[in-house]
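Asker: When you get a sec, could you give me coordinates for this:
(one chain, ligands or ions: 1)
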Amino acid sequence: VPISAPRVLVACLLASLVACTGSSTLDDAGTRDDAGPASDAGPPVDGGAHTDAGPADDAGPPVDGGAHDDAGPANDAGPPVDGGAHDDAGPANDAGPPVDGGAHTDAGPPDDAGAHDDAGLQTGCEVPTALPAPIETDLTSLDLSTTGVVRAVWFAPADRSFAPGLHERIERLLDVTEAFYRDEMALHGFVDDDGVGRSFTRARDADGRFDVVFMRGEQPSSFYHAHPNSPDAPGEALREMFLRLPSSFHQDATVLYFYDTFVVDGDTLLHTGQGGSAAPWQGANAGYALIGAHVLGVGFSTVALDPVKQACLFDDEAPSGLVDYAPEGGFGPLSRGAWSSVFVGAVVHEIGHAYGLEHDFVDHDGDGIESNVMGNGFRAFGARFTTSIAAPATVLGPWSATQLAPHPYIE
Ligand SMILES: [Zn+2]
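Answerer: Numbers count the residues shown, from 1 in each chain. Modelled structure (predicted):
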């Protein structure tokens, strides 16, 4: 049963103080005035404001990026706000010392260990298949001849490895995202000449696979957690990506920056700031999304290599061991399935920002629950696959569809 509890947006969090997103509308109403986004910036959530908030700046373009979503206000708002987030965001920042404090700084290597390494491809939904681990990409031989496509870089600190099957799982994450936009755009009547809903196109390698750049950082994970003013920012990792990748990598494309710098601190994840923004920055139609590696699972899977098995993952009732805002609203411990719904949905949301979509908290169908991927509705993404997620399934609202349609990279 759909709950009317607070559903705060999380997603776009990002870095630093600024960050985040969010906001919600529902809950905080009072407090935040919801303002959050709205007020400050003006209609668009991302408004300008934050774009640059402090820390963000250091990081370079991408960083702020994220930011935008909602920046400032959110943090101030307090818990709900970050809500979103993540958990990390808001509260964390405020918390100050404690937050970063101990936890991650050291945590680095040891912590993760378990967590992501093996990507746990377990779950009873799929029989684990022996897959190769990606090998580090030779940055001097990138094929960047095709523009207008989605590119991705996966950044792993020097003390973390690329998990077996990682490339395949990233590809599945994009399959799910692309299908969402294709199906939703078709429902709104935005189809190509063959009557197929319009969506984005991925960069492909010579073998036809999603062309992901796998980069090993020059520093251990603790280094990327060290920024004293932006404990949740991926800024150091992004900075290194920008220093080492050719500028043309970011040009005239939609770039997904994945950074495997998160750490698990009890029931909370740290260093998971995410965000997304669109051009103009590296080309008139360019955009990017910042995506923490945690979205692919923390000891369990969020995407199934066999598409038929995807619903099974969203049905997984085993405890995730983590807390966040549930698909139906309310903050607390999440099952693996609910957690997967929230974070796969978050990726779809951030990629929407990369194509210029703004937040949309409007209850278009009047059922009392806002289900937009660009609002808080992204959390119920799993409801598109299974009825075990008790909230109306995530949709692309009509305003977002209309805004996306003229984008030259959406074909
Ligand atoms: Zn957002």
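Asker: mind listing what residue 131 touches?
Answerer: By C-beta atoms under 8 Å, 6 or more residues apart in numbering, the contact set of residue 131 is 164, 165, 168. All C-beta atoms are positioned from the backbone trio N, CA, C, and that covers glycine.
Asker: Likewise for residue 340?
Answerer: Going by C-beta under 8 Å, 6+ apart, the list of residues near residue 340 reads 297, 300, 301, 302, 313, 314, 316, 382.
Asker: Give me the subset of the residues you listed that lies in strands.
Answerer: Nothing among these maps onto strands, per DSSP state E.
Asker: CSV for those residues, including distance to the ion and neighbour count?
Answerer: Putting the contacts of residue 340 into CSV (distance: C-beta to the ion, whole Å; neighbours: other C-beta atoms under 10 Å) gives the following:
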residue, distance to the ion, neighbour count
297, 22, 26
300, 25, 21
301, 25, 26
302, 19, 29
313, 24, 24
314, 22, 27
316, 26, 24
382, 19, 29
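Asker: Toward the C-terminus from the helix ranked longest in the chain, list the very next helix or strand.
Answerer: Of all the elements of type helix in the chain, the one with the most residues (DSSP state H) is helix 166-187. Moving toward the C-terminus from helix 166-187, the first helix or strand encountered (DSSP states H and E) is strand 212-216.
Asker: strands paired with that next one, and their directions?
Answerer: strand 150-156 (parallel) (DSSP bridges).
Asker: Is residue 289 in a helix, a strand, or coil?
Answerer: Under DSSP: H, G, I helix; E, B strand; the rest coil, residue 289 falls in the strand class.
Asker: Local confidence estimate at it?
Answerer: Per-residue confidence (pLDDT) for residue 289: 97.
Asker: residues in contact with it?
Answerer: Contact partners of residue 289, counting by C-beta under 8 Å, 6+ apart, are 254, 255, 256, 257, 274, 275, 276, 347, 350, 351, 353, 354.
Asker: sorry, back to before: and which of the contacts of residue 131 is nearest to the ion?
Answerer: residue 168 (27.4 Å; C-beta to the ion).
Asker: Next, count neighbours for that closest one.
Answerer: As a burial measure, residue 168 scores 18 neighbours (other C-beta atoms under 10 Å).
Asker: do the same with the one 4 residues further on
Answerer: The burial metric for residue 172, expressed as a neighbour count using other C-beta under 10 Å, is 22.
Asker: And the one 10 residues further on, by the same measure?
Answerer: Using other C-beta under 10 Å, residue 182 is surrounded by 19 other residues.
Asker: surely residue 353 meets residue 276?
Answerer: Yes - assessed by C-beta atoms under 8 Å, residue 353 is found in contact with residue 276 at 3.2 Å.
Asker: Look at those two and report which has more neighbours.
Answerer: More crowded of residue 353 and residue 276, by other C-beta under 10 Å: residue 276, with 33 against 28.
Asker: Filter the contacts of residue 289 down to the ones in helices?
Answerer: 347, 350, 351, 353, 354.
Asker: From residue 287, how far out is the residue in the stretch 151-300 of the chain positioned nearest to the ion?
Answerer: Nearest residue of the stretch 151-300 of the chain to the ion (C-beta to the ion) works out as residue 276 at 6.8 Å. Applying C-beta to C-beta, to the nearest Å, the value for residue 276 to residue 287 is 7 Å.
Asker: Identify the contacts common to these two.
Answerer: Joint contacts of residue 276 and residue 287 (C-beta under 8 Å, 6+ apart) are 353, 354.
Asker: what sits against the closest residue to residue 184 other than its chain neighbours?
Answerer: Nearest residue to residue 184, sequence neighbours excluded (C-beta to C-beta, 6 or more residues apart in numbering): residue 396, at 3.6 Å. With contacts defined as C-beta under 8 Å, 6+ apart, the neighbours of residue 396 are 180, 181, 184, 185, 187, 188, 352, 372, 373, 374, 404.
Asker: before we move on, back to that, which secondary structure elements does the longest helix of the chain contact?
Answerer: Counting contacts by 3 or more C-beta pairs under 8 Å, 6 or more residues apart in numbering; DSSP states H and E, helix 166-187 packs against strand 150-156, strand 212-216, helix 336-354, helix 398-404.
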